[in-house]
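Asks: Predicted model and sequence follow; I will ask about them next.
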Amino acid sequence: MRHFDLTPLYRSTIGFDRVGSLLDTLSSFEGETPSYPPYNIERVAENAYRISMAVAGFGESDLDIEVKENTLSIRGEKRTEQEQENATFLHRGIASRSFERRFQLADYVVVKSASLENGLLHVDLVRELPEAMKPRTIAITTKTEADKPKVIDSKAAA
């Protein structure tokens, strides 16, 4: 029996916490998942998530973030190559290649904000359920003697 690694599916779906166990029963796809740029997905609160992506060397103008039909797309493309053409590198370890990452978002997960600090792109997500879909608590009341209907005449008519 073959064991399938579903880690790529867990990493690219955000907000599908309840169906995680169901994914284990499905067969996964063959092939390699892209590994650049590296990223983390963390759960900040019960309904809040954060994607942190290492984008060293990319500025705000080099990154595009788009949400369309429950898909979050993050693209990076270096637009200023003039500085690098004039430089002679002895070792080039910082990647500056273009990339595109896509994440499937669950229903009602929205992108709240994005920030770039210290070479990390942080994208904050929140699950906002509509009021009609949120669970409600119904209070249980008991009737007291004062609330019960009063009997005026207890004799049966003949």
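Replies: Nice, I can see it.
Asks: Confidence-wise, which helix or strand of the protein is lowest on average?
Replies: The least trusted helix or strand in the chain, going by mean pLDDT, DSSP states H and E, turns out to be helix 20-23, with a mean of 48.
Asks: Can you show me the strands along this protein?
Replies: With DSSP state E as the criterion, the chain has strands at 13-14, 39-45, 48-54, 63-68, 71-76, 99-105, 109-117, 120-127.
Asks: would CSV of the ones you listed with mean neighbour count and distance to K148 be doable?
Replies: Where you see a C-beta, it was placed from the backbone N, CA and C, and this is true even at glycine. CSV is the format used below for those (neighbours: other CB atoms under 10 Å; distance: least, CB to CB, whole Å):
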stretch, mean neighbour count, distance to K148
strand 13-14, 19, 53
strand 39-45, 13, 47
strand 48-54, 18, 49
strand 63-68, 12, 57
strand 71-76, 17, 58
strand 99-105, 16, 53
strand 109-117, 13, 49
strand 120-127, 19, 45
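Asks: Redo the ones you listed as TSV? Include distance to T137 and mean pLDDT.
Replies: Shown next, in TSV, are these (distance: least, CB to CB, whole Å; pLDDT from 0 to 100):
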stretch	distance to T137	mean pLDDT
strand 13-14	28	66
strand 39-45	21	90
strand 48-54	23	92
strand 63-68	33	91
strand 71-76	33	90
strand 99-105	28	89
strand 109-117	25	91
strand 120-127	20	92
